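# Fold the following.
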Amino acid sequence: MTLPDPAHVSPSRSSPTDPPAGRATERGNAAPTGEVGAMFDRIAPVYDGINAVISGFQEPRWRRRAVAATGLRSGMAAIDVATGTGKLAGSLADRVGPFGRVLGVDVSAGMLERARDAGSDTPWLEFIVGDALALPADDASFDAVTCFFSSFGYFAGEEGEGGSAFTAPAMTSPAFFPTAVVTVLFRPFFLVETHNLQAMIQGLDGVVLAMLLAWRFPSLVQALRSFRSSPYIVLILVYLALLMMALMVVANFGTLARERSMVIPMLLMLVALPSRKEIRERQAAEAAVAAEGT
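Reported below is the predicted structural model:
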């Protein structure tokens, strides 16, 4: 087994703000590495929660299967590319044990800061800021290579494509969350931000959704009133909140319109719930039928 040459690997205690240790490259990636890293820095605090919801809480099972598929044994070495908050890297470290070695690489310093905190008691687990297109390690240095959830980064790669780029709202405080929700649900605004046929179709999508939510607004109010007593509504609201936080970093209308399809089904579940007026009318009708039966 050949371990990476120390000359090519930064120490695990390197600063979380260090630039990528590998040589910068834009080959195969439409977005600069720094922009991709900055996007994931912004969502680092909620990244694990987002993955849990999007995966239907199957992420731990998928991670166990990924670790088993590597065929790693005690004393072996592995590298986890686009390691994020280091959950898979931590599972790999458990697999290879203290005589093995695991290196996690990611372009996001914010993600790796959390990964280092979680793996601080595992000295054979290291995390380095680096570019997946120019890994900071020698070839043939590891027994296994993993890459888990890395396709999520394609958001950043599409932001400048198609002439649909815009400035995403900056979540510098919770006060910006309503603005982000409006962006995710309704933009591009019809006839205001739509300048071609495709954009107009995307804008109409937001208009129809806005009309539906306005029509069923009483149902939304009732759902918020009763969420404490309904685990079903709590699940929907948590899913929507996490998904909104994930999508608010998208800065391309075409990408946003496509990914909005993950939000709409849960919204439809909320608006399908009966409003307080409909509940009273149903109770009155049931009472009237019961009275007639007696």
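# First-to-last residue distance for stretch 41-56?
Length of stretch 41-56, first residue to last, CA to CA, to the nearest Å: 23 Å.
# same question, stretch 34-53
From start residue to end residue, stretch 34-53 stretches across 27 Å - CA to CA.
# Check stretch 210-221 too.
15 Å.
# ok, residues contacting that stretch?
Applying CB atoms under 8 Å, 6 or more residues apart in numbering, the contact partners of stretch 210-221 are 185-186, 267, 270-278. The C-beta positions use only the backbone N, C-alpha and C, and glycine is treated the same way.
# Which members of those are positioned in strands?
Using DSSP state E, no member of the contacts of stretch 210-221 sits in strands.
# Which of those are buried? Put it as a ChimeraX command.
The ChimeraX selection below is limited to those of those classed as buried (16 or more other CB atoms under 10 Å):
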select :185,186,267,270,271,273,275
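# Specify which member of the contacts of stretch 210-221 is nearest to Val67.
Leu267 (35.7 Å; CB to CB).
# how about the closest one, what does it touch?
185, 209, 213, 240.
# List buried residues within these.
In these, burial by neighbour count holds for 185, 209, 213, 240, counting by 16+ other CB under 10 Å.
# any chance of those residues in TSV, plus distance to Val107, pLDDT and secondary structure?
Converted to TSV, the buried ones among the contacts of Leu267 look like this (distance: CB to CB, whole Å; pLDDT from 0 to 100; DSSP: H, G, I helix; E, B strand; the rest coil):
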residue	distance to Val107	pLDDT	secondary structure
Leu185	29	86	helix
Leu209	34	88	helix
Leu213	37	89	helix
Leu240	28	85	helix
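# which one among these gets closest to Ser55?
Distances from Ser55 to the buried ones among the contacts of Leu267, taken by CB to CB, are shortest for Leu240, at 15.9 Å.
# just to revisit the earlier point, could you list which of the contacts of stretch 210-221 belong to helices?
Members of those lying in helices (criterion: DSSP state H): 185-186, 267, 270-271, 276-278.
# According to the record, where do the domains of this protein fall?
6-156, 163-280 (automatic domain parsing).
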